[in-house]
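In: Here is the input, now give the coordinates:
(one chain, ligands or ions: 1)
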Amino acid sequence: MSATNGAQSLYDGLVAHGLLVPVGAAGVFGRGAVFEDVLDRFNALVTRTGASDRAESVMFPPVIDRRVLDRVRYLESFPQLCGSVHSFFGDPKRAAELAEQSAQGGDWGPYLGQTGVVLAPACCYPLYPTLAGTLPPGGRVVSLLGWAYRHEPSAEPTRMQAFRVREFIRAGAPDEVLEWRDRWLDLGVGLLESLGLPTQTDVATDPFFGRRGKMMGASQKEQKLKFEVMVPVISETEPTALCSFNYHQDKFGAEFDILTADGAVAHTACLGFGMERVVMALFKVHGFVPESWPAAVRRQLWP
Ligand code: ZN
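Out: Numbering: from 1, shown residues only. This is a model prediction of the structure:
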């Protein structure tokens, strides 16, 4: 089955079973109650799997201070993915023109100006500024569930413009962070395999923009900073990343003044499960009706 056919048949099946609710824009859709139930149950399973981390938990909204993107130089690497929030700052005459453009289905972007917030492109970005200062001995582990936005409209259901990620973030000394990352690589693979999902793990790169981005990707690969756990969802030959592991070295520690207990610049790493992707993989592999999923899989999600 080609990737295009695979994408269409999965999307059609999810819609036919009320799991996804089309809303028009590509890569944007509603989630039905059964879809959300499976997502919540997978989230709870992740919590149980990571219990020994005793992670702190915090919730951030889907918009973040746009200065965070400036500080991590996001626009150098991913200008094509960013989602900036704009609003209207003009006078009544200008407002009337804006409304007229909108009513005619015209381009009303020129009437808007940039606000102080952007859509979060990664769920962990709002966290790093809050870690500024000296970490406790042994560092910190924080757990988040949040929405991320990427401007990549697509008919392929696993390539969404807005999606949730369950993340864990570790900040500490380099050896602590790497040991934690490696332990979670095993935990993440074990977790997905326990749900009957056939995984493969590989070094990966982020979709850096342009020619300079190619070099950044090559360096990221060379240093093995990013790993992905993939499962065939749309196609066998191009499996979908369900879980990704990123080692940032001292990038965020240096930018946001995060120090270890002994005064060195902290290193950070994060891992994230793409929640909708995991749920779609379960429906793809086990069928669209959870009541008929294998007993071993149901025991994991309905303990
Ligand atoms: Zn992250």
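
In: rest of the way, CA atoms for contacts and neighbours
Out: Noted.

In: which bits of the stretch 201-303 of the chain sit near the ion?
Out: Cys270 (C-alpha under 5 Å from the ion).

In: What segments of the stretch 201-303 of the chain are strands?
Out: Shown for the stretch 201-303 of the chain, the strands assigned by DSSP state E, counting those that start in this stretch span residues 226-231, 240-249, 258-259, 267-274.

In: Output those strands in JSON lines; the columns should cover mean pLDDT and mean neighbour count.
Out: As requested, these are arranged in JSON lines below (pLDDT from 0 to 100; neighbours: other C-alpha atoms under 10 Å):
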{"stretch": "strand 226-231", "mean pLDDT": "94", "mean neighbour count": "23"}
{"stretch": "strand 240-249", "mean pLDDT": "96", "mean neighbour count": "22"}
{"stretch": "strand 258-259", "mean pLDDT": "98", "mean neighbour count": "25"}
{"stretch": "strand 267-274", "mean pLDDT": "98", "mean neighbour count": "24"}
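
In: Which one of those strands lies nearest to Ala295?
Out: Nearest to Ala295 among the strands of the stretch 201-303 of the chain is strand 226-231 (20.4 Å), distances taken as C-alpha to C-alpha.

In: between the closest one and strand 267-274, how big is the angle?
Out: Angle of strand 226-231 versus strand 267-274, following axes from the mean of the first three to the mean of the last three C-alpha atoms, to 10 degrees, is 20 degrees.

In: Could you list the residues in contact with strand 226-231?
Out: Outside of strand 226-231, the residues within contact range by C-alpha atoms under 8 Å, 6 or more residues apart in numbering are 188-189, 197-205, 220, 239-247, 281.

In: Mind checking the strands of the stretch 201-303 of the chain for the one nearest to Ser87?
Out: When the strands of the stretch 201-303 of the chain are ranked by distance to Ser87, counting by C-alpha to C-alpha, first place goes to strand 267-274 at 29.8 Å.
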